[in-house]
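J.: here is a sequence together with a model predicted from it:
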Amino acid sequence: MAREYKIALAGEGGQGVQSVASIIVEAANDKGREALYIPNFGVEQRGGVSIAFIQIADEKIGSPKFKIADIVVALSDRSVRRTAQYVDHRTTFVYDASIKGVEDDLPKNAAKIYAIPAIEVAKTELHPRVFNIIIMGAVIEATKVIDIDSAKEAIEKKLGYKFEQDPKLRELNFKALERGVELVRQVTN
Amino acid sequence: MALAPNMPKSWRAETKPHKFCPGCGHGLVLKALGECIDELNIQDRVVFGCDIGCSLLSWDFFNVDSIQTHHGRTTPVLTGVKRARPDRICIAYMGDGGGYAIGSQHLVNAASRNEKITVILVNNCVYGMTGGQMAPTTLPGMKTETSPYGRDVELTGNPTRGPEMVAAITPPSAYVARGTVANLRQLKKMIKKALETQMNGTGFSFVEALSLCPTNWRTNAKETWGFVEKEMSQFFKVGEIKVPESKEGK
Amino acid sequence: MADKPVKGEKRFFVTGNEVVAWAALAANAEIMYGYPITPQNEVMHYWTRLAPKYGRRFLQTEDEISAGFTTVGGVLSGARAFTATAGPGNTLMQESMSMAEMMQIPTVVVVQQRGGPSTGTVIYSQQEVTMTCFGGNGEGFRVVYSTGSHQELYDYVIKAFNTAWKYRIPTFVLGDGYQAKMRESLIMYDPEERGIQMVPTEKIVGASGVPGVDREPKHLRNTYNTEEELYKVVGDLAKHYWQVAPEIEEYEEFDCADAETVIVAHGVVTRAAQGAVKELREQGKKVGHFRPITLRPFPKKAMEKAIQKAKEILVVESAEGQLAKIVKAEIYGSDIPITGYFRPGMGITAEEIVEYILNKG
């Protein structure tokens, strides 16, 4: 937990990477850790790959930009290609198992490459709407930047008003988070 | 120094005689304005702003707080004052270049937003201070330093009819008029109504004053008055264009 | 209504643009004038949401020329007024800020630099240094604070109002797109509770009394008739500026006392420079970092002291030498070689500075 983590989360617009990023950094901040989050910006915001750059540490964070991430999560074919530049021999690279035609684009220099079936799980087991929460579970399992209870608190904080109206949503979101954790455990163990 | 009896009380005697050219119309417009300030008893509430161009020579003309700004920027400066201090009576004084060319976006948008300020724009068909170049208001065929063969409307478009434009984009609560130094009594009434519109807080107020520039027109006294009374008044119709519905009625 | 926007000390985790809006509220700014341009927009978004709750005002103008000049008008009327902009908007504001320079109008402008030249990117750069320090047809009689974190954005926006009104010098807070858009933690506070008194404003026009009867009228101008007249005015401005400059200058230095290589960097790049110094010191290299916080006036004496042992100066910036140009002029006469690591419009990391210094031998 003590080390500094640099995370790049990339996906298509609508996959919710920015909202996941913001829940994670807020959770870390609430726990008194230092967090720095740059949403992807630029003209690409519309109709392009959306990238969230996150750093979490115990001390004040240096440069907001980083060249190499500790973990990259890529959720579409374009995202896989876009994020290769943030990878070196220390990086864990996670991508969705359903992405087709990127075998040759996977960063060969990565320390580890994991494919997780998050899109599939969202579609068949849970609900496409909680896909990003599955990803959130995957990120916190892969990095341990926050524990699962803090993650749940943060989700509650963000979506609590929706859960009030429909408590089943809470269950669905927490389930998604846990499935995300499991998906990473399955590939790392 | 005691003021001559015909000088408005709000004029600053120390800066008279003023610095405008002999035969210039500015002194007449500023006299009408000065009398309005006196009659409305607002000398302590007025913030006066003047532009670049000949209007800047009015920077120390009145015993009122005055700001000489940049070319075309008097409208936003006075808008800024008014937005921060709505109890002030803000008068932006400028020429046709400042209002219709370099500062036209400010005039258009202040009018659209119905800013509670008064713009007094002196139209003399020419850039005076810079030495007689073509202005947005230069009449068709009129010779200036940058239209030495006469203004060709095919090349340069038609003269700007400012009050008509302002009237088209302001709500009914605004006041818009075109007066002339050839009819000072009427011009003064217009300026007074404009200031009252601001004081009532109903809307934007705008008065264009047809004025004289014998220096750049290169005209003698008779030709000068002839030009403003005939050529200019023919193209630029004098009169009130928009009058806010007043409680007293009219 | 008159409730204080910030009470006590509270940790926040927000974007830099939100920080600017809160800081201006905490500083008792009364009115903001502004025009949309990325990456500054959210300053206005937050201000327009918060301002009415605390009796503050906002005007969206037709362009940045107008935003600058309405700010000038607001300030002249005695309001603690400000605006915020970036890139081409900053270009348009130079006209009004040169008027502010000339007429000693205490305007406050927050600049969130974006990539240039021209429209460039909406992302980030340090390419508005020359313009913010020296823009317009003027002499650079301005104060420019270059911030590097959300905490500093908060601190220096508050301070900018005080510097402007105390010295009657237009004051800029120079941020950038990263600081505008990123989120990190900071402590917000009520300035008064920290013993920071807001310098009172003055109705430069529109004070009470009948002008010419109860008091002299204010006749403010920026146009003069003769060379001599103007020379006197500008001479007085220069004298005032250089007299107060030492009180205004601010800087930080890191391990410069014995440093053979001094990295000069400002704004957000100081974070990378500090990281690089830490790393290189661990490797036994004698490297230090000098960071001007005020780019205008530049902390020349402090810099001269910081480079006493230096064998080389490396200017690191996200521009093609804009800071380097200032540094060279300020330490003219020193024979220490000055080189640059220039990345116009690009973010800079500690790792790349370390790599650059190690590789160039």
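T.: Sure thing, it's come through.
J.: what about the helices in the chain?
T.: Since you didn't name a chain, this refers to chain A. A:17-30, A:77-83, A:118-124, A:131-143, A:148-165, A:167-188 (DSSP state H).
J.: oops, wrong one, chain C.
T.: Listed in chain order, the helices of chain C (DSSP H) span C:16-26, C:41-50, C:64-76, C:87-103, C:129-134, C:150-167, C:177-181, C:227-248, C:269-282, C:300-306, C:322-330, C:350-359.
J.: out of those helices, deepest packed?
T.: Comparing the helices of chain C by mean neighbour count (mean count of other C-beta atoms under 10 Å in any protein chain shown), helix C:64-76 ranks first with a mean of 31. From N, CA and C alone the C-beta is placed, and that goes for glycine too.
J.: state the distance from the residue nearest to residue B:216 when sequence neighbours are not counted to residue C:303.
T.: For residue B:216, ignoring the flanking residues on the chain, the nearest one in space by C-beta to C-beta, 6 or more residues apart in numbering or on different chains is residue B:132 at 3.7 Å. Note on residue B:132: its distance to residue C:303, by C-beta to C-beta, to the nearest Å, is 52 Å.
J.: give the burial count for residue A:164, as a bare number.
T.: For residue A:164, the neighbour count with other C-beta atoms under 10 Å in any protein chain shown is 10.
J.: ok, which stretches of chain B are helices?
T.: For chain B, helices defined by DSSP H occupy the ranges B:26-40, B:74-84, B:96-97, B:104-112, B:153-156, B:162-169, B:184-200, B:214-217, B:221-226, B:233-235.
J.: is any residue of the longest one near chain C?
T.: No: if you take C-beta under 8 Å from any C-beta of the partner chain as the test, helix B:184-200 misses chain C, and the best it gets is 14.7 Å.
J.: dump the helices of chain B to CSV, plus mean neighbour count.
T.: Output for the helices of chain B, formatted as CSV (neighbours: other C-beta atoms under 10 Å in any protein chain shown):
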stretch, mean neighbour count
helix B:26-40, 22
helix B:74-84, 30
helix B:96-97, 28
helix B:104-112, 22
helix B:153-156, 10
helix B:162-169, 19
helix B:184-200, 20
helix B:214-217, 20
helix B:221-226, 13
helix B:233-235, 14
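J.: residue A:98 is nearest to which of these?
T.: helix B:104-112 (52.3 Å; C-beta to C-beta).
J.: next, the angle from the closest one to helix B:162-169.
T.: Relative orientation of helix B:104-112 versus helix B:162-169 (axes from the mean of the first three to the mean of the last three C-alpha atoms, to 10 degrees): 50 degrees.
J.: check residue 156 and give its pLDDT.
T.: I went with chain A, as the question did not name one. As predicted, residue A:156 sits at a pLDDT of 94.
J.: think we crossed wires, I meant chain C
T.: Each residue has a pLDDT score; the one for residue C:156 is 98.
J.: wait, what's in contact with it?
T.: C:145, C:147, C:173, C:293 (C-beta atoms under 8 Å, 6 or more residues apart in numbering or on different chains).
J.: I figured the second one was touching residue C:172, is that so?
T.: In other words, residue C:147. No: between residue C:147 and residue C:172 there is no contact under C-beta atoms under 8 Å: 10.6 Å.
J.: overlap in contacts, the two.
T.: Common neighbours of residue C:147 and residue C:172 (C-beta under 8 Å, 6+ apart) do not exist.
J.: return the residues in contact with the residue nearest the centre of chain C.
T.: Nearest to the mean C-alpha position of chain C, by C-alpha atoms, centre = their mean, lies residue C:173 at 2.6 Å. By C-beta under 8 Å, 6+ apart, the contact set of residue C:173 is C:20, C:108-111, C:145, C:147, C:153, C:156-157, C:160.
J.: looking at these, which is nearest residue C:98?
T.: residue C:109 (12.3 Å).
J.: need the contact list for the nearest residue to the closest one once chain neighbours are set aside.
T.: Closest residue to residue C:109 apart from its sequence neighbours, by C-beta to C-beta, 6+ apart: residue C:172 at 5.0 Å. Listed by C-beta under 8 Å, 6+ apart, the contact partners of residue C:172 are C:108-111, C:132, C:142-145, C:160.
J.: what of residue B:72?
T.: B:51-52, B:94, B:97-99, B:101-104, B:106.
J.: just flag the most distant two among those residues.
T.: Maximum pairwise distance in those, criterion C-beta to C-beta, is 14.7 Å, between B:52 and B:104.
J.: shaky segments in the chain?
T.: Looking at chain A here, since you left the chain open. A:1-2, A:41-47 (pLDDT under 70).
J.: wrong one, chain C
T.: C:1-2, C:361.
J.: related to what we said a few turns ago, could you dump the helices of chain B into CSV with mean pLDDT added?
T.: Formatted as CSV, the helices of chain B follow (pLDDT from 0 to 100):
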stretch, mean pLDDT
helix B:26-40, 98
helix B:74-84, 98
helix B:96-97, 97
helix B:104-112, 98
helix B:153-156, 96
helix B:162-169, 98
helix B:184-200, 98
helix B:214-217, 96
helix B:221-226, 97
helix B:233-235, 97
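J.: among those, which is nearest residue B:62?
T.: Ranking these by proximity to residue B:62 (C-beta to C-beta) places helix B:26-40 first, at 6.6 Å.
J.: what's in contact with the closest one?
T.: Outside of helix B:26-40, the residues within contact range by C-beta under 8 Å, 6+ apart are B:7-11, B:18, B:20, B:43, B:46, B:54-55, B:57-58, B:61-62, B:64, B:91, B:93, B:120, B:122, B:181, B:184, B:187-188, B:191-192, B:195-196, B:199, B:209, B:211.
J.: pull out the buried members of those.
T.: Buried by 16 or more other C-beta atoms under 10 Å in any protein chain shown: B:8-11, B:18, B:20, B:43, B:46, B:54-55, B:57-58, B:61-62, B:64, B:91, B:93, B:120, B:122, B:181, B:184, B:187-188, B:191-192, B:195-196, B:209, B:211, out of the contacts of helix B:26-40.
J.: so what's residue 10 up against?
T.: I'll assume chain A. A:17, A:40, A:49-52, A:72-76, A:79, A:82-83.
J.: wrong one, chain C
T.: Residues near residue C:10 by C-beta under 8 Å, 6+ apart: C:187-189.
J.: thinking again about what came up before, spatially nearest residue to the residue nearest to the centre of chain C, not counting backbone neighbours?
T.: residue C:110 (4.7 Å).
J.: which residues touch the one you found?
T.: C:20, C:40, C:43, C:82-85, C:157, C:160, C:172-173, C:175.
J.: again with residue C:189
T.: Residues in contact with residue C:189 (C-beta under 8 Å, 6+ apart) are C:6, C:8-10, C:26.
J.: in strands, which of those residues appear?
T.: C:9-10 (DSSP state E).
J.: just send the contacts of residue C:189 back as a markdown table, with distance to residue A:165 too.
T.: Output for the contacts of residue C:189, formatted as a markdown table (distance: C-beta to C-beta, whole Å):
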| residue | distance to residue A:165 |
| --- | --- |
| C:6 | 33 |
| C:8 | 34 |
| C:9 | 36 |
| C:10 | 30 |
| C:26 | 36 |
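J.: and the closest residue to residue B:150 other than its chain neighbours, how far is that from residue C:176?
T.: Leaving out its chain neighbours, the residue that sits closest to residue B:150 by C-beta to C-beta, 6+ apart is residue B:141, at 4.3 Å. From residue B:141 across to residue C:176, the span is 54 Å (C-beta to C-beta).
J.: what do you get for residue B:206?
T.: As judged by C-beta to C-beta, residue B:206 and residue C:176 stand 41 Å apart.
J.: ok, back up a step: most tightly packed of the helices of chain A?
T.: Greatest average neighbour count among the helices of chain A goes to helix A:131-143 (a mean of 26), per mean count of other C-beta under 10 Å.
J.: so what secondary structure elements neighbour that helix?
T.: Contact partners of helix A:131-143 among helices and strands, from 3 or more C-beta pairs under 8 Å, 6 or more residues apart in numbering or on different chains; DSSP states H and E: strand A:5-12, helix A:17-30, strand A:71-74, strand A:92-96, helix A:118-124, helix A:148-165, helix A:167-188.
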